[in-house]
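[1] fold the following, please.
(one chain, ligands or ions: 3)
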Amino acid sequence: MAKPFQLFVTGTDTGVGKTQASCALLSLLADAGLAPQGFKPYESGCARLAEPADTLAMRAAARSQLPVEALCPHRFRAPLAPGIAAHRLGREPDWNTTLAAWERLRHGAAIVEGAGGLFVPIDSQRDIMDLIAALGLPVLLVARAGLGTLNHTALSLRALAGRGVTVSAVLLSRSTPAKDSSERDNRQWLEARHGVRVLGPVPYLKDPRRRHAAFREALGPLVPHRARGR
Ligand SMILES: Nc1ncnc2c1ncn2[C@@H]1O[C@H](COP(=O)(O)OP(=O)(O)OP(=O)(O)O)[C@@H](O)[C@H]1O
Ligand SMILES: C[C@H](N)[C@H](N)CCCCCC(=O)O
Ligand SMILES: [Mg+2]
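    Ligands and ions are numbered 1, 2, ... in the order given. Okay, here's the model as predicted:
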């Protein structure tokens, strides 16, 4: 039986487009009839704990019927690193709860989204990087398209290589209207310097529908062939 399509979506920072990318991948997989699930084990910045925005967006994109608790076991109000949000509450997110939630999802197609970048604390001992290593999935690294991304992306790629993590691709996205001339060369330099597949850049698109379509187009080459066409 073929291994289900699974990918961990991380980024060079918070606010780079991880959820945009996760939702695009989930909708492509759902269109292909692969019944994917979006897993966001740690979500902070939740105005209402019952409605974690990233998780809800991913669940909708996947057309999943699972409850929020199954898709996002650790939810926090404070817009902070999840580990710090928990610490402020005097709590320690249970690692085994995370692993048990993944155990219920890992037999099917899945997109997992981290929180912020690689070294964001998720509890008193672990970072997102430890979660990536524990789940053992290949990674999509989402990065900004413009000036500054060469360094941020290289640092992230070095850290992932240091833990033996496979990087399926880097996706560049312009998450703010500001455009700069570095965008013309960044993709080629990253490919040449790091031998990594670079997709995008996804242009800045204010309209959510057009933006979603642009992320689907950029990420289409990553998903199983039959997921691309529809
Ligand atoms: N190409 C783009 N065009 C327009 N807006 C974008 C683009 N990429 C990202 N954004 C916007 O940037 C913001 C951050 O994107 P997103 O929520 O996907 O980031 P994230 O990496 O998931 O952040 P977090 O670390 O909080 O999970 C969102 O408002 C999103 O709509
Ligand atoms: C609140 C935000 N949207 C993310 N969920 C959490 C980002 C944590 C970033 C921590 C850091 O890198 O300093
Ligand atoms: Mg997100």
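[2] CA atoms for contacts and neighbours, from now on please.
    OK.
[3] got the residue ranges for the helices in this protein?
    For the chain, the helices defined by DSSP state H occupy 18-31, 53-62, 68-71, 82-88, 95-103, 128-135, 149-162, 183-194, 208-219, 225-228.
[4] any idea of the pLDDT on His225?
    Confidence at His225, expressed as pLDDT, is 71.
[5] that one: how many residues sit nearby?
    10 (other Cα atoms under 10 Å).
[6] how much space separates it from Leu34?
    Distance, His225 to Leu34, by Cα to Cα, to the nearest Å: 12 Å.
[7] quick revisit: need the winner for burial among the helices of the chain.
    helix 18-31 (a mean of 26; mean count of other Cα atoms under 10 Å).
[8] so that helix, near ligand 1 or not?
    Yes. Using Cα under 6 Å from any ligand atom, helix 18-31 reaches ligand 1 at 18-20.
[9] residue ranges with poor pLDDT in this protein?
    For the chain, the stretches with pLDDT under 70 are 226-230.
[10] give me that answer again for 90
    Residues of the chain that meet the criterion pLDDT under 90 lie in 1-2, 178-179, 224-230.
[11] residues contacting Ser22?
    9, 38, 58, 111-113 (Cα atoms under 8 Å, 6 or more residues apart in numbering).
[12] any idea how far it lies from Arg216?
    Separation of Ser22 from Arg216 (Cα to Cα) stands at 10 Å.
[13] mind checking how far the residue lying farthest from the centre of the chain is from Ser124?
    Residue distances from the centre of the chain (Cα atoms, centre = their mean) peak at Gly90, which lies 27.3 Å from the mean C-alpha position. Plainly put, Gly90 is 11 Å away from Ser124 if you go by Cα to Cα.
[14] of the helices of the chain, which is nearest Gly117?
    helix 128-135 (7.3 Å; Cα to Cα).
[15] I figured Ala214 was touching Pro201, is that so?
    No. Taking Cα atoms under 8 Å as the definition, Ala214 is not a contact partner of Pro201, at 9.6 Å.
[16] now the residue farthest from the centre of the chain, what are its backbone angles?
    Backbone torsions of Gly90, given as degrees, to the nearest 10, read phi 70, psi 30.
[17] now stretch 35-44, how far from the centre of its chain.
    9 Å (Cα atoms, centre = their mean, to the nearest Å).
[18] can you list the residues that contact it?
    Under Cα under 8 Å, 6+ apart, the answer for stretch 35-44 is 22, 26, 29-30, 52, 54-55, 58-59, 62-64, 71-82, 85, 98, 102, 105, 108-115, 122.
[19] also within reach of ligand 2: list those from these.
    79-81, 115.
[20] looking at these, which is nearest Ala47?
    Among those, and counting by Cα to Cα, the member closest to Ala47 is Pro79, at 9.0 Å.
[21] got the contact list for that closest one?
    Counted by Cα under 8 Å, 6+ apart, Pro79 has contacts 44-46, 85.
[22] ligand 2 contacts on this protein?
    Checking the chain against ligand 2 by Cα under 6 Å from any ligand atom, the hits are 14, 43-45, 79-81, 115-117, 120.
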